[in-house]
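Asker: here is the input, now give the coordinates:
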Amino acid sequence: MMEKKHIEDWFINLNSNKMLLSFYLIRKSLLNAVIELKPIIHGRVLDLACGVMPYKDFLNNSNIETYIGVDLESTEYHNTIKPDYYWDGKKIPLDDASVNFVIATEFLEHYFDTKHILQEINRVLKPGGTFFFTVPNVWPLHESPFDYHRFTPNALDEHFKMSKFSSWEIKPLGGFHYHVALTLALWNDFQLSKKYRIIIKPFLFFFTNLLIKKDKRKSNFSNGEMYSGLYGFVIK
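Answerer: Below is the predicted model of the structure:
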């Protein structure tokens, strides 16, 4: 169970020497997305399926009125850090049109009924409110059996349209080169023995850094493009 004192090292400071390379790469891309959110977030904020609320302190500014964490009861993540509200996984325990922002990082892939949860998010957002999300593309099965989706931009377009959001912008967490870098890191971390991981990691870290420097994040998502994950801003 993660203690509060470790959160910054795992999600914000990102010491590559202390982390598996794949975790470093995925959390680096997530942090870059959250950095885009930081200057615009304000008002009442809902962190849905919040876990340990890793970005709460990082995002905190004078424009945030209230930061609300909601999660299932007794998850593996909660130790000294508890959500403000527990939920039943169906109805968000907040009133209609009661928050300015909803944050859901690496969550939508774990919710089978995408239509339902997006309608719930729409319900609690104020008119003009923003839903910020991230979802993986290159990542192993996790929290199984509750790992249901790997979304394409086209699928998210249709889901946001059906859920009656007014506008949205979908972006890649990383492009083709980042996809390759993360895939190699996962192979190193989860397929090789500890002995070979130690030997290969310095060389792989150098090579993946080269790939990341060449990476181009293209938001037009044309045929033939690859992406490591997606994030975006969805307006009610």
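Asker: going by residue numbers, what spans are helices in this structure?
Answerer: 4-8, 21-37, 56-59, 114-124, 153-162, 176-191, 194-214 (DSSP state H).
Asker: now mean pLDDT too, for these, in JSON lines please.
Answerer: Shown next, in JSON lines, are the helices of the chain (pLDDT from 0 to 100):
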{"stretch": "helix 4-8", "mean pLDDT": "76"}
{"stretch": "helix 21-37", "mean pLDDT": "96"}
{"stretch": "helix 56-59", "mean pLDDT": "95"}
{"stretch": "helix 114-124", "mean pLDDT": "98"}
{"stretch": "helix 153-162", "mean pLDDT": "98"}
{"stretch": "helix 176-191", "mean pLDDT": "96"}
{"stretch": "helix 194-214", "mean pLDDT": "92"}
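Asker: what would those helices look like in TSV with distance to Ala104 and mean neighbour count?
Answerer: Heads up, the C-betas are built off the backbone N, CA and C, glycines and all. Converted to TSV, the helices of the chain look like this (distance: least, Cβ to Cβ, whole Å; neighbours: other Cβ atoms under 10 Å):
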stretch	distance to Ala104	mean neighbour count
helix 4-8	18	13
helix 21-37	12	19
helix 56-59	14	17
helix 114-124	7	19
helix 153-162	12	15
helix 176-191	21	19
helix 194-214	25	14
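Asker: from Lys201, how far out is the residue of the chain positioned farthest from its centre?
Answerer: When each C-alpha in the chain is compared with the mean C-alpha position (Cα atoms, centre = their mean), Lys195 comes out farthest, at 31.1 Å. Applying Cβ to Cβ, to the nearest Å, the value for Lys195 to Lys201 is 11 Å.
Asker: Lys214 contacts Phe176, doesn't it?
Answerer: No: Lys214 lies out of contact with Phe176 (Cβ atoms under 8 Å); the separation is 9.1 Å.
Asker: now the residue nearest the centre of the chain, nearest residue through space, not along the chain?
Answerer: Geometric centre of the chain, nearest residue: Thr105, 2.9 Å, by Cα atoms, centre = their mean. By the measure of Cβ to Cβ, 6 or more residues apart in numbering, the closest residue to Thr105 outside its immediate chain neighbours is Thr134, 4.7 Å from it.
Asker: who does the one you found form a beta bridge with?
Answerer: Residues in a beta bridge with Thr134, per DSSP bridges, are Thr105, Tyr231.
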